[in-house]
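# With the input below, show me the fold.
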Amino acid sequence: MGRVPRTLAVANQKGGVAKTTTVASLGAALTELGQRVLLVDLDPQACLTFSLGVDPEDLDVSLHHVLLGGSKARDILITLDEGPDLIPATIELATAEVRLSRDSGAEQSLRTALRPLASSYDWILIDCPPTLGLLTVNGLSAASEVLIPLQCETLAHRGVGQLLDTIHDVQQLTNPGLEILGVLPTLYDGRTTHARTVLETIAGTYELPVLQPPIPKSIRFAEAPAIGQTILTTAPATPGAAAYRELAKSLL
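Coordinates of the predicted model:
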């Protein structure tokens, strides 16, 4: 039996909380630290795929074909220059959810698909879609840990309870070893007491660990995907890049 990678599902059914940014930037930071990293785009919007410089429209095969059993994960792997490897998504993934739901054991499809690759990596980071449907359940079922990126605003915690219910269901039904790594504050403006209060409330209400450091709000995050790179290469000296590097170190 080879080494088991740490498999981190980055999940929150609320959009716009920097899930994809977190997967791409944390993946790049772990790679810089000498870790072997695989990124998995589980979102039919394929934002992760696109943000790493791969146009989903140019792909003939993607995760969709792997989940439905037509291709092997190894055959669709994309090796990025000086970065992690990627299992890409395309919009077709949206139909996989419907087709998979007819199969028994459908929530284990991703775990099964990734198993042959596991020994090649130290980390597998899964970018879950902003829903609590079968694709996210697949991500959670394949993971050893969940990271919940959270924008510290008043309504942020509404969805946390639902997400935790889903995680609990997965723990009961398909993946008893799944652990919650913690909440990662994103788009964080520490100058406002409001952001700090929301964070303390969420951590207290749900008894969740809060990962450090918070990821600061920065326009630089929006600029990086447009050129197919992460903030670690486009703006390496910024607080945002430093925060993801510090997070990566703390996870090791």
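
# can you pull out the strands in the stretch 51-200 of the chain?
Secondary structure of the stretch 51-200 of the chain, counting by DSSP state E, counting those that start in this stretch: strands at 78-79, 85-87, 123-127, 145-151, 179-186.

# Could you single out the most deeply buried of those strands?
Highest mean neighbour count among these (mean count of other Cβ atoms under 10 Å): strand 123-127, with a mean of 26. (Glycine included, C-beta is placed from N, CA and C.)

# in its sheet, what does it sit against?
When pairing is defined by DSSP bridges, strand 123-127 lines up against strand 6-10 (parallel), strand 37-41 (parallel).

# and of the strands of the stretch 51-200 of the chain, who's closest to Asp169?
With Cβ to Cβ, the closest approach to Asp169 among those belongs to strand 145-151: 12.7 Å.

# So which helix or strand of the chain has the lowest pLDDT on average?
Within the chain, confidence by mean pLDDT, DSSP states H and E is lowest for helix 220-226 among all helices and strands, at a mean of 68.

# Adding mean neighbour count, write the strands paired with strand 123-127 out as CSV.
Listed next are the strands paired with strand 123-127 as CSV, based on neighbours: other Cβ atoms under 10 Å:
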stretch, mean neighbour count
strand 6-10, 25
strand 37-41, 28
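
# closest to Val137 out of the ones you listed?
Shortest separation from Val137 across these is recorded for strand 6-10, at 10.0 Å, computed as Cβ to Cβ.

# centre of the chain versus the longest helix along the chain, how much separation?
Using DSSP state H to assign secondary structure, the helix with the most residues in the chain is helix 158-173. Per Cα atoms, centre = their mean, to the nearest Å, the displacement of helix 158-173 from the mean C-alpha position of its chain is 16 Å.

# Report the contact partners of Leu26.
With contacts taken as Cβ atoms under 8 Å, 6 or more residues apart in numbering, Leu26 has the following neighbours: 125, 244, 247-248, 251.

# about what we covered before: what lies in contact with the longest helix of the chain?
11-14, 107, 132, 136-137, 140-141, 146, 148, 150, 178, 180, 183, 202, 206, 208.

# Put the alpha carbons of it into CSV.
Provided in CSV are the C-alpha atoms of helix 158-173 (Å, rounded to 0.1, in the frame of the first residue of the first chain):
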residue,chain,number,x,y,z
ARG,A,158,-26.7,30.9,7.0
GLY,A,159,-25.2,28.2,4.7
VAL,A,160,-22.7,26.8,7.2
GLY,A,161,-25.3,24.9,9.1
GLN,A,162,-26.6,23.3,5.8
LEU,A,163,-23.1,22.4,4.8
LEU,A,164,-22.3,20.8,8.2
ASP,A,165,-25.5,18.8,7.9
THR,A,166,-24.3,17.5,4.5
ILE,A,167,-20.9,16.7,5.9
HIS,A,168,-22.5,14.9,8.8
ASP,A,169,-24.6,12.8,6.3
VAL,A,170,-21.4,11.9,4.4
GLN,A,171,-19.7,10.9,7.6
GLN,A,172,-22.6,8.7,8.5
LEU,A,173,-23.2,7.1,5.1
